[in-house]
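>>> all I have is the shape, not the residue letters:
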């Protein structure tokens, strides 16, 4: 199994700027790479959330290294407000989110996230609810095609959906290898070298875990928890997620386009924003990092900083 390598770690620490005595949230604990680095960088307190029970179990060793400073919570990050409030935490000095899968999830065939090794067609981060196999078995052809197109940006979604429907009429599709083989039969390889099944697997994973809905809810809650000077640092890998993050941060920082001079709203004075963007452009991994860790190639890091006191 591949060792988990945290993506853009120096850039994350630079953006978060951990300080002694502060309280932070790692909203996507995963392999614990960010959490360990934050705790080493400053004598701070860190809360960490993950919806994957395996990640929480692995985190026990790290928590033992930082007694009283690392607190692990098994939950979706879209529930962070309630989870922290139950423990008396209503304000944070920073939140970090890595919206990608951890290497532990990708490299474990039993989790069904990857087609590189055959395994059950599962893809559930929290090991509960509907699996990818359930979706493949039950979604109507048109809805399946829409899912692949909208969440995976798969141009040949209708062709793939048709192939899946024909195949499932012959026998249940229950493994990653079965599904990947069906897709490869109808999608030609392209010059990029990306496996033809990549976008479809991504789309199913996003739908199984409601990833876009989770991100939207988490961003709003995280921003509301920040103290003045607190920062929300987000690394995204999927273009749909990055669009959500970019739009949310841009609007929070009051950077919407000015209304037309014919629009009456233009007569009203512009309000002072509660947040600012640390950079108008997303930061990207260095060429050296991509060479060391190809999974970093699509990463985009964006940072939002609170300027004002939160509204009670």
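That came through, no problem. Keep in mind that this is a model prediction, so the values were computed, not measured.
>>> only C-alpha atoms from now on, for both contacts and neighbour counts.
Will do.
>>> counting by contacts, list what the longest strand along the chain packs against.
Longest strand of the chain, by residue count under DSSP state E: strand 226-236. Contacts defined by 3 or more C-alpha pairs under 8 Å, 6 or more residues apart in numbering; DSSP states H and E place strand 226-236 against helix 9-16, strand 92-98, strand 300-306.
>>> for residue 245, which of the ones you listed is the nearest?
strand 300-306 (7.7 Å; C-alpha to C-alpha).
>>> name the residues of that closest one that come out as buried.
300, 301, 302, 303, 304, 305, 306 (16 or more other C-alpha atoms under 10 Å).
>>> in the helix or strand just after the longest strand of the chain, what counts as buried?
Beyond strand 226-236 on the C-terminal side, the first helix or strand identified by DSSP states H and E is helix 239-252. Judged by neighbour count (16+ other C-alpha under 10 Å), helix 239-252 contains these buried residues: 241, 242, 244, 245, 246, 248, 249, 250, 252.
>>> could you list the low-confidence segments of the stretch 201-312 of the chain?
The stretch 201-312 of the chain contains residues with pLDDT under 70 at 256-271, 310-312.
>>> how does it look with 50?
258, 265, 267-269 (pLDDT under 50).
>>> got the phi/psi numbers for the closest residue to residue 162 other than its chain neighbours?
With sequence-adjacent residues excluded and distances taken as C-alpha to C-alpha, 6 or more residues apart in numbering, residue 162 is closest to residue 141, at 6.4 Å. When read as degrees, to the nearest 10, the backbone of residue 141 gives phi -50, psi -50.
>>> please report how far residue 141 lies from residue 122.
Distance of residue 141 to residue 122, given as C-alpha to C-alpha, to the nearest Å: 20 Å.
>>> between those two, which has more neighbouring residues?
Between residue 141 and residue 122, residue 122 has the larger neighbour count (other C-alpha atoms under 10 Å), namely 26 against 20.
>>> so that one: helix, strand or coil?
Three-state call for residue 122 (DSSP: H, G, I helix; E, B strand; the rest coil): coil.
>>> could you pull up the residues touching residue 289?
By C-alpha atoms under 8 Å, 6 or more residues apart in numbering, the residues touching residue 289 are 8, 296.
>>> give me the phi and psi for it.
phi -70, psi -40.
>>> in the host helix or strand of residue 220, what's buried?
Using DSSP H and E, residue 220 sits in helix 211-225. By neighbour count with 16+ other C-alpha under 10 Å, helix 211-225 contains the buried residues 211, 212, 215, 218, 219, 221, 222, 223, 224, 225.
>>> tell me how many other residues crowd residue 286.
Neighbours of residue 286 using other C-alpha under 10 Å come to 12.
>>> over to residue 232?
26.
>>> so what's it bridging to?
Bridge pairing for residue 232 (DSSP bridges) gives the partners residue 95, residue 304.
>>> show me where this structure has helices.
Applying DSSP state H to the chain gives helices spanning 9-16, 33-41, 53-65, 80-85, 103-106, 132-138, 141-152, 157-170, 176-186, 198-208, 211-225, 239-252, 287-292.
>>> domains in the chain, by residue range?
Using automatic domain parsing, the domains assigned to the chain come out as 9-104+217-306, 127-208.
>>> to residue 114, which of those domains lies closest?
Taking C-alpha to C-alpha, domain 127-208 is the member of the domains of the chain nearest to residue 114, at 7.0 Å.
>>> for stretch 53-62, buried residues please.
By 16+ other C-alpha under 10 Å, the buried positions in stretch 53-62 come out as 53, 54, 55, 56, 59, 62.
>>> quick one: which two of those residues are the most distant?
Maximum pairwise distance in these, criterion C-alpha to C-alpha, is 15.1 Å, between 53 and 62.
>>> contact partners for the closest residue to residue 187 other than its chain neighbours?
For residue 187, ignoring the flanking residues on the chain, the nearest one in space by C-alpha to C-alpha, 6+ apart is residue 196 at 5.9 Å. Residue 196 makes contacts with 183, 184, 187, 188, 189, 190, as judged by C-alpha under 8 Å, 6+ apart.
>>> highest neighbour count among those?
Using other C-alpha under 10 Å as the neighbour criterion, residue 183 leads the contacts of residue 196 with 23 neighbours.
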